[in-house]
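Asker: For reference, the sequence and a predicted model appear below.
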Amino acid sequence: MYQGLSEKNKTLAIIGLGYVGLPIALAFAKKFKVIGFDIRPDRVGLLNKNIDPSKEIGEAEFEGCDIVFTHDIDVLRSANFFIVAVPTPIDEHNNPDLTALLSASGTVGKVLKKGDYVVFESTVYPGCTEEDCIPILEEQSGLKFKQDFYVGYSPERINPGDKEHTITKILKVVSGCSEDSLDNIAKVYGSIITAGIHKAPSIKVAEAAKIIENTQRDLNIALMNELSIIFNKMEINTYDVLKAAGTKWNFLKFVPGLVGGHCIGVDPYYLTYKASTIGYHSKVILAGRQTNDSMGAYVAKETAKILIAKGLHLQSAKVLVMGATFKENVSDIRNSKIADVINELKSFSINVDIVDPHASAEEFYHEYKIQMSPAPNAPYDAVIIALGHNEYLGMDENSFKALMSDNGVLIDIKGLYRDKIKELTYWSL
């Protein structure tokens, strides 16, 4: 398989061209003949104009790529090595939503041929590839797993907004259904990954590795958030405490914050769901999730308390929230916990304006039914800096004063300005 791809006698296809799929597709297209498939015609149309709808990849990165973008399943019939990179979110009950993954498996199954490979990159619980996806591939293709086609799993390692740790510079975990398939899959990924390849002993191990990467981070942030709540009651600055504790060589340097997005705030639920199906009810992981999921409301309540302490009537108070995406310097608003802050503020009848230089107002309204403002409409009683967008990092106390009425409040969720504010009422996690 690897030799056929290298000689361009065979074709590689990426299913799903979002934050994960598009960078992979373009990286492979510099080596192999590639088909980029997505079910959204509007996205495909932009990609054919060398425009990334997610605004992560510049036009120059499309140059020199041997790639065809399409939403036509018939075009996929010429592919031999399929990589599935579709979203795997959670539903309103925090259970895995495999709709896109199972649909993509059906799509691949309809065009699968003898000798083909399918590698899944979407984050799933251990066992999902073999228990949920492969049966669909067999059913749709009429082919037999391990006999007619081969499957692997290689967890995505894309960090949106990070221009340093790009896909080729992050060590890649790969797995396969047999020694031969593992060798081929490792060679295919090894052709673009300069950081190296780690061969996992099984598909389940590779699936589990991805899940615990983000679960570990989630739990560490949850601890920092709980500490922040405790220290706030003690009137101790959390960041001062962390700075002091961080002087010890083995202290892990995590900080409190809102945990949103489509990875850290989602992946642990896949693990706890799977654990429940085998009779184990998670305690530590779910406790961390509960803490992190409650932080948006906590920030809003603390803001309301400060405004009340200043003698303001909440119904007439006006607050500006700066930042709406799930993390700094990206346009992705999926699972943004800033929406929780806004909704909780509004539950107190506080008037809220939201601005963000990266977020699409249309997408934010579609996702959360919250209207963004094109620009601030000062003065405000409080300003909440929710994210460290580059556009905000150059601001100082006078910048915030210009947005506020007298005796204003700065709520600095990430503690970015803790050493710069001397006159305004200041609060951070």
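Answerer: Nice, thanks for sending it over.

Asker: Just give me the neighbour total for D332.
Answerer: Neighbour count for D332, taken as other Cβ atoms under 10 Å: 23. C-betas here are computed from N, CA, C, even on glycine.

Asker: quick one: contacts for it?
Answerer: D332 sits next to 19, 54, 160, 261-262, 325-326 when contact means Cβ atoms under 8 Å, 6 or more residues apart in numbering.

Asker: from those, which ones fall inside helices?
Answerer: Within those, no residue falls in helices by DSSP state H.

Asker: just the helices in the stretch 151-300 of the chain please.
Answerer: Under the criterion DSSP state H, counting those that start in this stretch, the stretch 151-300 of the chain contains helices at 179-190, 203-233, 238-245, 267-277, 284-293, 295-309.

Asker: and the nearest residue to S349 once chain neighbours are set aside, how far is that from G196?
Answerer: Spatial nearest neighbour of S349, excluding adjacent residues (Cβ to Cβ, 6 or more residues apart in numbering): Q315 at 4.5 Å. The gap separating Q315 from G196 is 58 Å, by Cβ to Cβ, to the nearest Å.

Asker: try G415
Answerer: On the measure of Cβ to Cβ, G415 and G196 end up 35 Å apart.

Asker: So for those two, which sits in the more crowded spot?
Answerer: More crowded of G415 and G196, by other Cβ under 10 Å: G415, with 22 against 10.

Asker: Settle this for me: that one is touching Y426, isn't it.
Answerer: No: using Cβ atoms under 8 Å, G415 makes no contact with Y426, being 9.9 Å away.

Asker: quick one: buried residues of the longest strand anywhere in the chain?
Answerer: Identified as the longest strand of the chain according to DSSP state E is strand 404-412. By 16 or more other Cβ atoms under 10 Å, the buried positions in strand 404-412 come out as 404, 408-412.

Asker: thinking again about what came up before, quick one: the residue nearest to S349 from Q140, how far?
Answerer: Counting by Cβ to Cβ, the gap from Q315 to Q140 is 57 Å.

Asker: which one of these two has more residues nearby?
Answerer: Q140 (16 against 9).

Asker: So the closest residue in space to the more buried one that isn't next to it in sequence, which state does it fall into?
Answerer: Counting by Cβ to Cβ, 6+ apart, Q140 lies nearest to G109, which is 2.7 Å off, once chain neighbours are set aside. Following DSSP: H, G, I helix; E, B strand; the rest coil, the label given to G109 is helix.

Asker: Please give me every residue in contact with G109.
Answerer: 136-141 are the contacts of G109 under Cβ under 8 Å, 6+ apart.
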